[in-house]
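Enquirer: Whatever this is, show me its structure:
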Amino acid sequence: MNRFADGPRRRQNPKLDSGLLETVRESVLANNGPVTPSSVAAAVQASGRLLGTAGALEAAYSINAELNGLGPLQQLAQNPAVTDIFVNAPDSVWFDRGRGLERSSLRFDAEHQVRSLASRLVAAGGRRLDDGSPCVDVRLKGGYRVHAVLSPISTSGTLLSIRIRREEVFTLSELRAGGMFCEMVEAVLRAIVEQRLSFLISGATGSGKTTLLSTMLGLSEPGERLVLIEDAAELNPVHPHVVSLESRHGNLEGGGSLDLGELVRQALRMRPDRLIVGECRGAEVRELLTALNTGHTGGGGTIHANTAEAVPARLVALGALAGLNAEAVQLQVASALDVIIHVARNQSGRRVASIGIMTQTAKGPEVVSALSLGPSEILHGPAWPELSGRLALKQQA
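Expert: Next up is the predicted model:
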């Protein structure tokens, strides 16, 4: 029986009440040293509660989970298939393990416990969560990206959204075995990297863009230098020469920030063979398009879009944030990008939905379909002859 069928169940201890938890928390956090199992056990013993040997061990275990990692949510994160955890209310905890959202049986006792956990996680990321900063996004050790929102911004209390970066990177063959694409599409993806075409992977949140990008980057030649630029480090390609740059938020006074656009400019001085922006979502698109137009082929990144055909319009909108007009963006897009790979998500999981090429038309750049993938068939679009020729693939493949 799968213990995660309806979500992992929280270990229950009738002797562990909120009063003991608060007492131990205050005692442990009053010290400047790290929160360790031994310090928690000592604080439990010093509390004066008569719990017995087994009860004290259970209390120390539970409180240590509360004060380290993701607290009560850590048991969800221990399932290697879980990629996202959401807390909408004390009695509304959800997780995603690739099959869509599932409700967990895990519960918090009260709203203040959710807020306390959110505040601790944000503090561990070097920022603060309070009425002055009610919406915060941080990255934690262990591969966790935490986003928290407090009330009254959230009308239902404290909200937590946790994205888990898994160290394991799948091969293309493993992604194909998992149903993300068929053998023919695998050959196309390999050829895109081999022929150094510049590409963007488009799709919605949680559709598998980062997973696919990490895997494709791992196909780069070992002698190539990959420079990755991200707002929060999530890409982890299996490659011997990877340099990763991460943006930085400003301090409490608003100074010290370093945005993605500046990082792209710095990366150009680092002699990248492939320049990758993990997610294009702001003014940094200007620097990326400039880089791809000045000899840095084979690069790209990901972008949020409903379809592959919607990518040019999304790039124009992002270019406006950088002060570029539509014509300027369109002129750069047509020569900077070669291929758009769109991934989608349905009840059966994540899959490549289409592959198209960027083509200049009288109306501006457009994505023309080369392949469209249905549930049981592959449709060749008008751009397939051109794409297969550029990739040195057989058109009848």
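Enquirer: low pLDDT regions in the stretch 251-397 of the chain?
Expert: For the stretch 251-397 of the chain, the stretches with pLDDT under 70 are 251-255, 394-397.
Enquirer: Please enumerate the helices of it.
Expert: Secondary structure of the stretch 251-397 of the chain by DSSP state H, counting those that start in this stretch: the helices cover 260-267, 285-292, 311-321, 326-336, 384-390.
Enquirer: Now do the strands in the stretch 1-150 of the chain.
Expert: Applying DSSP state E, counting those that start in this stretch to the stretch 1-150 of the chain gives strands spanning 84-89, 92-96, 101-103, 135-140, 144-149.
Enquirer: and these as a markdown table, adding mean neighbour count and distance to residue 190?
Expert: For the C-beta atoms, the positions are set from N, CA and C on the backbone; glycine is no exception. Compiled in a markdown table, those are given as follows (neighbours: other Cβ atoms under 10 Å; distance: least, Cβ to Cβ, whole Å):
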| stretch | mean neighbour count | distance to residue 190 |
| --- | --- | --- |
| strand 84-89 | 19 | 29 |
| strand 92-96 | 20 | 28 |
| strand 101-103 | 13 | 32 |
| strand 135-140 | 17 | 31 |
| strand 144-149 | 21 | 29 |
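Enquirer: Lowest average confidence across the ones you listed, which one?
Expert: Ranked by mean pLDDT, these end with strand 135-140 in last place, scoring a mean of 88.
Enquirer: what's the angle from that strand to strand 144-149?
Expert: Strand 135-140 runs at 170 degrees relative to strand 144-149, counting by axes from the mean of the first three to the mean of the last three Cα atoms, to 10 degrees.
Enquirer: ok so, going back, tell me which of the helices of the stretch 251-397 of the chain sits most buried.
Expert: helix 285-292 (a mean of 23; mean count of other Cβ atoms under 10 Å).
Enquirer: Output the below-cut-off pLDDT ranges for the stretch 101-250 of the chain.
Expert: 250.
Enquirer: if we go to 80?
Expert: For the stretch 101-250 of the chain, the stretches with pLDDT under 80 are 124, 126, 141-142, 166-168, 232, 248-250.
Enquirer: Helices of that one, start to end?
Expert: 111-124, 172-177, 183-194, 209-217.
Enquirer: now, of these, which is deepest in the fold?
Expert: helix 209-217 (a mean of 23).
Enquirer: Any chance of the helices of the stretch 101-250 of the chain in JSON lines with distance to residue 76 as columns?
Expert: Supplementary listing: the helices of the stretch 101-250 of the chain in JSON lines, determined by distance: least, Cβ to Cβ, whole Å:
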{"stretch": "helix 111-124", "distance to residue 76": "13"}
{"stretch": "helix 172-177", "distance to residue 76": "24"}
{"stretch": "helix 183-194", "distance to residue 76": "32"}
{"stretch": "helix 209-217", "distance to residue 76": "19"}
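Enquirer: between those helices, which gets nearest to residue 301?
Expert: helix 209-217 (7.2 Å; Cβ to Cβ).
Enquirer: quick one: residue 301 and residue 213 touch, right?
Expert: Yes. With contact defined as Cβ atoms under 8 Å, residue 301 reaches residue 213; the gap is 7.2 Å.
Enquirer: Now list whatever residues contact both of these two.
Expert: Contact criterion Cβ atoms under 8 Å, 6 or more residues apart in numbering; residues shared by residue 301 and residue 213: 201, 276, 278.
Enquirer: Excluding chain neighbours, what is closest to the second one?
Expert: Right, the one you point to is residue 276. Once flanking residues are discounted, residue 276 sits nearest to residue 228: 4.9 Å by Cβ to Cβ, 6 or more residues apart in numbering.
Enquirer: The one you found - how many residues pack around it?
Expert: Using other Cβ atoms under 10 Å, residue 228 is surrounded by 26 other residues.
Enquirer: List the contacts of it.
Expert: The contact partners of residue 228, by Cβ under 8 Å, 6+ apart, come to 217, 235, 237, 242, 243, 244, 245, 276, 278.
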